[in-house]
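Enquirer: below are the sequence and a predicted model; questions follow.
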Amino acid sequence: MRRLLTATALVAVGLLGLVPASAGTRHPGVVSANPVDWTPHVRDGEVRAITVVGQTVVVGGDFTWVSQADGVEYDRWFLFAFDLPTGRIRAPFVPDLDGPVYALAPGPNGTVFAGGAFRTVNGVPQRGLTRLRLSDGAAVPGFRAPIDQGDVRALATSGPWLYAGGAFTRVGGVRRTGIARLSTGTGAVDPGFDAQLAAPELSRVRVEDLTVSPNGSRVVAIGALTSAAGRGRTQLVMLDTAASPARVADWYTDAYATRCRPEFETYLRGVDFSPDGSYFVVVTTGRMTGPGYLCDTAARFETAGTGRHWPTWVNHTGGDSLYSVAVTGSAVYVGGHQRWLDNPEGDESAGPGAVVRPGIGAIDPATGRALPWNPTRSRGVGARALLATPAGLFVGSDTERLAREYHGRLGLFPLS
């Protein structure tokens with residue numbers, strides 16, 4: 001097991017105060033298949049979100065108990081923070097939330113944004129979205145952006161803006177369905193951004209994930225939606241955020257118009273832009289295989305152009321869900337409870353050409369074929385949190401075996 005980061009990764013960690021972990025993190029190659037051994041262990045529940053602020057890693061989910069690699073234990077409900085590169089849990093950061101955290105994003109001036117299914121923060125009503133100081137876990141005065149119902153499932157920051165996605169219809173009393181853009185300072189809703197998402201055929205609009213292009217000019221949101229600003233957009237919409245006001249881009253795909261199993265109002269689960277913003281990758285669940293279906297797949301789409309788009313490539317698991325994706329330029333990392341990749345003819349089985357990639361894998365961005373990287377992960381429900389940072393690839397899940405070692409629901413694959 002690896003005790004220290006490589007020299008390259010140590011340099012990258014030193015840069016973390018200047019380069020936020022987000023869409024746009026480029027790696028020179030595929031990360032090591034040997035995770036570091038100093039990351040903390042999450043002892044119960046599930047990790048749902050990871051972000052990095054300066055040299056602090058923040059982890060969210062539905063857990064209640066964590067420990068350092070040296071065995072020192074802490075009660076931590078739904079949220080905790082630790083130092084890079086030591087793995088020491090930050091004892092003063094103990095915010096009191098009454099529900100799970102599903103999304104995190106770095107905030108300005110030593111703060112972090114957290115979204116989820118909570119209703120109070122440190123005993124004060126603040127539903128679904130908050131900004132916290134890393135120094136002590138206190139809510140930042142002046143930031144108020146409570147949602148009206150449901151939850152927040154996706155967060156991303158770009159310049160002065162915080163993008164939030166989930167299952168809500170109002171933020172801070174302003175009508176915004178499923179997605180909103182807010183001031184990172186005050187939480188005020190931006191009047192120049194209203195995607196007007198709708199899904200009258202479904203029970204409600206729900207954004208499962210979103211990603212912002214590195215230059216901030218495009219936002220892609222996925223989830224239970226069928227239109228945006230009156231234009232048909234099935235499960236995926238691209239927004240032109242370079243325009244003022246922001247508008248629905250003249251870019252769309254019918255690739256996800258085909259239904260998977262009826263119980264899935266949306267089967268899209270994760271999306272991430274490439275470091276240069278030229279493409280993005282979507283991962284799905286759906287439990288359906290066969291020609292014409294994009295259930296249980298990873299698919300690359302090009303950003304450029306207008307009108308209808310189709311995937312550049314599709315990689316099939318053969319019937320197993322993918323929940324998370326991180327694109328680094330040298331690889332497309334996918335996490336879920338998959339058994340295989342390169343498996344278009346599989347049906348809960350290994351079809352011709354299938355390669356074994358339990359729980360985590362890497363895909364060649366150019367060819368769409370699985371890369372040799374295969375550390376393995378005990379599958380469980382799946383890996384719901386992948387985050388590419390200058391230090392490597394963070395993985396959060398609901399299981400305890402990563403690269404055949406004990407890593408309680410959290411690990412870091414460093415740069416090779």
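Expert: Yes, it's here. Numbering: from 1, shown residues only.

Enquirer: give me the buried positions along the helix or strand containing Arg300.
Expert: Under the criterion of DSSP states H and E, Arg300 resides in strand 297-302. Across strand 297-302, burial judged by 16 or more other CB atoms under 10 Å covers 297-301. The way it works is simple: take the backbone N, C-alpha and C, and place the C-beta from them, glycine included.

Enquirer: domains of this structure?
Expert: The chain breaks down by automatic domain parsing into domains covering 119-189, 195-374.

Enquirer: for the last one, the distance to its chain's centre please.
Expert: Read it as domain 195-374. With CA atoms, centre = their mean, to the nearest Å as the basis, domain 195-374 stands 12 Å off its chain's centre.

Enquirer: hmm, Ala114 and Gln126 touching each other?
Expert: No. Under the criterion of CB atoms under 8 Å, Gln126 is not in contact with Ala114, lying 10.1 Å apart.

Enquirer: which one's more surrounded, the two?
Expert: In this view Gln126 and Ala114 are compared by other CB atoms under 10 Å, and Ala114 has more residues nearby, 28 against 21.

Enquirer: what distance do you get for the more buried one to Val355?
Expert: Distance of Ala114 to Val355, computed by CB to CB, to the nearest Å: 37 Å.

Enquirer: with Val248 instead?
Expert: 38 Å.

Enquirer: neighbour-wise, which of those two wins?
Expert: The neighbour count for Val248 versus Val355, taken as other CB under 10 Å, is higher for Val248 (20 against 15).

Enquirer: surely the more buried one and Ala229 touch.
Expert: Yes. Between Val248 and Ala229 a contact is recorded at 4.8 Å, counting by CB under 8 Å.

Enquirer: shared neighbours, those two?
Expert: Shared contacts of Val248 and Ala229 (CB atoms under 8 Å, 6 or more residues apart in numbering): Ala195.

Enquirer: so what does Arg127 have for phi and psi?
Expert: For Arg127, the backbone dihedrals are phi -80, psi 130 (criterion: degrees, to the nearest 10).

Enquirer: quick revisit: now, which of the buried residues of strand 297-302 sits nearest Tyr267?
Expert: Nearest to Tyr267 among these is Thr297, at 9.6 Å by CB to CB.

Enquirer: dump the residue contacts of the closest one.
Expert: By CB under 8 Å, 6+ apart, the residues touching Thr297 are 283-284, 314-317, 322.

Enquirer: possible to save those as JSON lines with neighbour count, distance to Asp75 and pLDDT?
Expert: Formatted as JSON lines, the contacts of Thr297 follow (neighbours: other CB atoms under 10 Å; distance: CB to CB, whole Å; pLDDT from 0 to 100):
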{"residue": "Val283", "neighbour count": "29", "distance to Asp75": "33", "pLDDT": "98"}
{"residue": "Thr284", "neighbour count": "28", "distance to Asp75": "36", "pLDDT": "98"}
{"residue": "Val314", "neighbour count": "17", "distance to Asp75": "44", "pLDDT": "98"}
{"residue": "Asn315", "neighbour count": "29", "distance to Asp75": "40", "pLDDT": "98"}
{"residue": "His316", "neighbour count": "25", "distance to Asp75": "42", "pLDDT": "98"}
{"residue": "Thr317", "neighbour count": "30", "distance to Asp75": "37", "pLDDT": "98"}
{"residue": "Leu322", "neighbour count": "28", "distance to Asp75": "32", "pLDDT": "98"}
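
Enquirer: make a markdown table from the residues you listed and add secondary structure to it.
Expert: Listed next are the contacts of Thr297 as a markdown table, based on DSSP: H, G, I helix; E, B strand; the rest coil:
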| residue | secondary structure |
| --- | --- |
| Val283 | strand |
| Thr284 | strand |
| Val314 | strand |
| Asn315 | strand |
| His316 | strand |
| Thr317 | coil |
| Leu322 | strand |
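
Enquirer: can you tell me which of those is nearest Asp44?
Expert: Relative to Asp44, the closest of those is Leu322; by CB to CB it sits at 24.2 Å.

Enquirer: you'd agree the closest one is up against Ala298?
Expert: Yes. Counting by CB under 8 Å, Leu322 touches Ala298, with 5.9 Å between them.

Enquirer: now do the shared contacts for those two.
Expert: Common neighbours of Leu322 and Ala298 (criterion: CB under 8 Å, 6+ apart): 283-284, 334.

Enquirer: mind putting these into CSV with distance to Gly24?
Expert: As requested, the shared contacts of Leu322 and Ala298 are exported to CSV (distance: CB to CB, whole Å):
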residue, distance to Gly24
Val283, 18
Thr284, 23
Val334, 18
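
Enquirer: just for the protein, where's the confidence low?
Expert: The chain contains residues with pLDDT under 70 at 1-23.

Enquirer: find the nearest non-adjacent residue to the residue located most distally from the centre of it, please.
Expert: Distance from the C-alpha centroid of the chain, by CA atoms, centre = their mean, peaks at Pro352 (30.9 Å). Excluding its sequence neighbours, the residue lying closest to Pro352 (CB to CB, 6 or more residues apart in numbering) is Glu345, at 5.6 Å.

Enquirer: cool, Gly159 as well?
Expert: Spatial nearest neighbour of Gly159, excluding adjacent residues (CB to CB, 6+ apart): Gly216 at 5.7 Å.

Enquirer: tell me who's in contact with that neighbour.
Expert: The contact partners of Gly216, by CB under 8 Å, 6+ apart, come to 158-159, 161, 241-242.

Enquirer: by neighbours, which of those wins?
Expert: Of the contacts of Gly216, with other CB under 10 Å as the count, Thr241 tops at 24 neighbours.

Enquirer: grab the nearest non-local neighbour of it.
Expert: Spatial nearest neighbour of Thr241, excluding adjacent residues (CB to CB, 6+ apart): Val219 at 5.4 Å.
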